[in-house]
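Student: Predicted model and sequence follow; I will ask about them next.
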Amino acid sequence: MQNIDMNSPEFKAEMEKTVKFTDKVCNQFGFAYNPEKEINEGVTMGLARNKLMYGKRYCPCFMVIGETEEERKAADNRICPCKPALEEEIPNDGKCHCGIFCTPEYAKLHASEDSAEETAHTHSRGLTKEEAEYLVQKEQLDGDELESLLEARQLGIVEFELIDCREEMEYKMARIVGTDKLMPTSRFYAEANEMTDKMDKQLIIYCHTGSRSYQVQHTMKSMGFKKVGNLTPGIVGFHGEIEKG
């Protein structure tokens, strides 16, 4: 089997051709590149390697089966852009199996996802509306993400209701600033049945360590509440403002 030198002029020239090829695929089908550049670079390198090794741009995420060209053709190896990607994966999942080709909607959403999580964890700046809307829909949130969302809510960028599902004694000892409602698990069903007007509202639940709120989250979803998030580490993993009394 041919060994490919990534630093050779031959490989570098094939890389340039492959970039032009993937650009053409995006333009032809209206695709966007994956917002994660490392994915695109890895797939492009794989396509260029296979072109040099086999004479065709076989999908680099699957084994190329067959020793001869005839055997490879009979094995129906995926050739980029492959039929499963065009007919099933991209329409249904938003991206191809390798991840390089995406719908514009998928690329936009995941670009927001990366920037939202980086901003929340570094506190380098406030969230944009798009980033806040992505974060608030996550089912499991960490303390940094909730803190950033509370800041965004104060600015009117995003809407949600923050619910403490601990008991009243715990609530008085310490609670997250911005908590909208106390819904103790000891009174859960009575409280939840009075919240039917919030079935479509965005809710975030928290407790001490995330265990009770996780159970409450899934119970509420089984009751028909559509948008329920959970502070995974609980109040002990939240480093924003806390109030007592």
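Tutor: Thanks, I have the structure now. Numbers count the residues shown, from 1 in each chain.

Student: Could you list the alpha-carbon positions for the lowest-mean-pLDDT helix or strand in the chain in CSV?
Tutor: The helix or strand of the chain with the poorest confidence is helix 104-122; it has a mean of 80 (mean pLDDT, DSSP states H and E). Provided in CSV are the C-alpha atoms of helix 104-122 (Å, rounded to 0.1, in the frame of the first residue of the first chain):
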residue,chain,number,x,y,z
PRO,A,104,-26.7,26.2,7.0
GLU,A,105,-29.2,25.9,9.9
TYR,A,106,-27.1,23.2,11.6
ALA,A,107,-23.9,25.2,11.1
LYS,A,108,-25.5,28.4,12.5
LEU,A,109,-26.9,26.5,15.6
HIS,A,110,-23.6,24.8,16.4
ALA,A,111,-21.6,27.9,15.9
SER,A,112,-23.8,29.6,18.5
GLU,A,113,-23.4,26.5,20.7
ASP,A,114,-19.6,26.8,20.8
SER,A,115,-19.6,30.5,21.3
ALA,A,116,-22.3,30.4,24.0
GLU,A,117,-20.5,27.7,26.1
GLU,A,118,-17.1,29.5,25.7
THR,A,119,-18.7,32.8,26.8
ALA,A,120,-20.5,31.2,29.7
HIS,A,121,-17.4,29.5,31.1
THR,A,122,-14.9,32.3,30.6
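
Student: Quick one: residues in contact with that helix.
Tutor: Residues outside helix 104-122 that contact it (CB atoms under 8 Å, 6 or more residues apart in numbering) are 30-36, 94-95, 102, 124-128, 130-132, 134-135, 144-145, 147-149. No exception for glycine: its C-beta is placed from N, CA and C like everyone else's.

Student: With stretch 191-211 instead?
Tutor: So stretch 191-211 is in contact with 136-137, 141, 146, 149, 159-166, 170, 176, 183-185, 213, 216-217, 219-220, 223-238, going by CB under 8 Å, 6+ apart.

Student: Among those, name the buried ones.
Tutor: Neighbour-count burial (16 or more other CB atoms under 10 Å) applied to those gives 136, 141, 146, 149, 160-166, 170, 176, 183-185, 213, 216-217, 220, 225, 227-235, 237-238.

Student: Restricted to strands, list these.
Tutor: Using DSSP state E, the subset of the buried ones among the contacts of stretch 191-211 located in strands is Leu141, Glu161, Leu162, Ile163, Asp164, Ile176, Lys227, Val228, Gly229, Asn230, Leu231.

Student: would you turn those into JSON lines with distance to Met199?
Tutor: Listed next are those as JSON lines, based on distance: CB to CB, whole Å:
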{"residue": "Leu141", "distance to Met199": "20"}
{"residue": "Glu161", "distance to Met199": "12"}
{"residue": "Leu162", "distance to Met199": "17"}
{"residue": "Ile163", "distance to Met199": "14"}
{"residue": "Asp164", "distance to Met199": "20"}
{"residue": "Ile176", "distance to Met199": "24"}
{"residue": "Lys227", "distance to Met199": "9"}
{"residue": "Val228", "distance to Met199": "10"}
{"residue": "Gly229", "distance to Met199": "15"}
{"residue": "Asn230", "distance to Met199": "17"}
{"residue": "Leu231", "distance to Met199": "21"}
